[in-house]
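Chemist: Build the 3D model from these lines:
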Amino acid sequence: MKKVLVLHGPNLNLLGSREPDVYGHQTLADIDNMLKAAAGKEGAELESLQSNHEGVLIDRLHQTLVDNTLGVLINPGGLTHSSVALRDAIAALKIPVVEVHLSNIHAREPFRQHSYIAPVAAGQVSGFGATSYLLALQGLLATLNKSNCS
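Modeler: Model prediction:
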């Protein structure tokens, strides 16, 4: 069974109540449940973790080097635009990582338009609300299936 990790960065625990006009009304639990159901249908096991602490996210990424995780979805939240350390942790991995955002970061404030993560990610999905996560999962699973066929 394919093991996929989903990491949610700072403030994503507030989904559903924080700026719903930007981030939608679905909670983080709603998104995780949606992803687990979709992953299960594809024969994948999904683990999710949310943290407001950069080091916790980095430590969990490092753990993928030894725990049979095959791919990662990450919504780094505000760390997207500020964390070289998170970028470096992702660059050290030997598995595909897909960056995901609820809003279209490229259509927002100038400081949100730059991603430190994108250059080291297999892909990026943004702007489709909670559906961004499903699209990112589909892309990640397709990437994993393709590499298994090679």
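Chemist: Identify each buried residue in stretch 125-136, please.
Modeler: For stretch 125-136, a neighbour-count test (16 or more other C-beta atoms under 10 Å) marks 125-126, 128-130, 132-136 as buried. Bear in mind the C-beta positions are built from the backbone N, C-alpha and C, glycine included.
Chemist: ok, now stretch 116-125?
Modeler: Within stretch 116-125, the residues that qualify as buried are 116-117, 120-122, 124-125, counting by 16+ other C-beta under 10 Å.
Chemist: right, and out of the residues you listed, which lies closest to residue 142?
Modeler: Checking the buried residues of stretch 116-125 against residue 142 by C-beta to C-beta gives residue 122 as the nearest, at 10.4 Å.
Chemist: Relative to residue 72, how far out is residue 85?
Modeler: With distances defined as C-beta to C-beta, to the nearest Å, the gap from residue 85 to residue 72 amounts to 16 Å.
Chemist: With neighbour numbers in mind, choose between these two.
Modeler: Set residue 85 next to residue 72 and count neighbours by other C-beta atoms under 10 Å: residue 72 wins out with 22 against 14.
Chemist: Counting by contacts, list what the longest helix that the chain contains packs against.
Modeler: For the chain, the helix with the greatest residue count under DSSP state H is helix 131-149. Using 3 or more C-beta pairs under 8 Å, 6 or more residues apart in numbering; DSSP states H and E as the contact criterion, the neighbours of helix 131-149 among helices and strands are strand 2-8, helix 28-41, strand 71-75, strand 97-101, strand 123-126.
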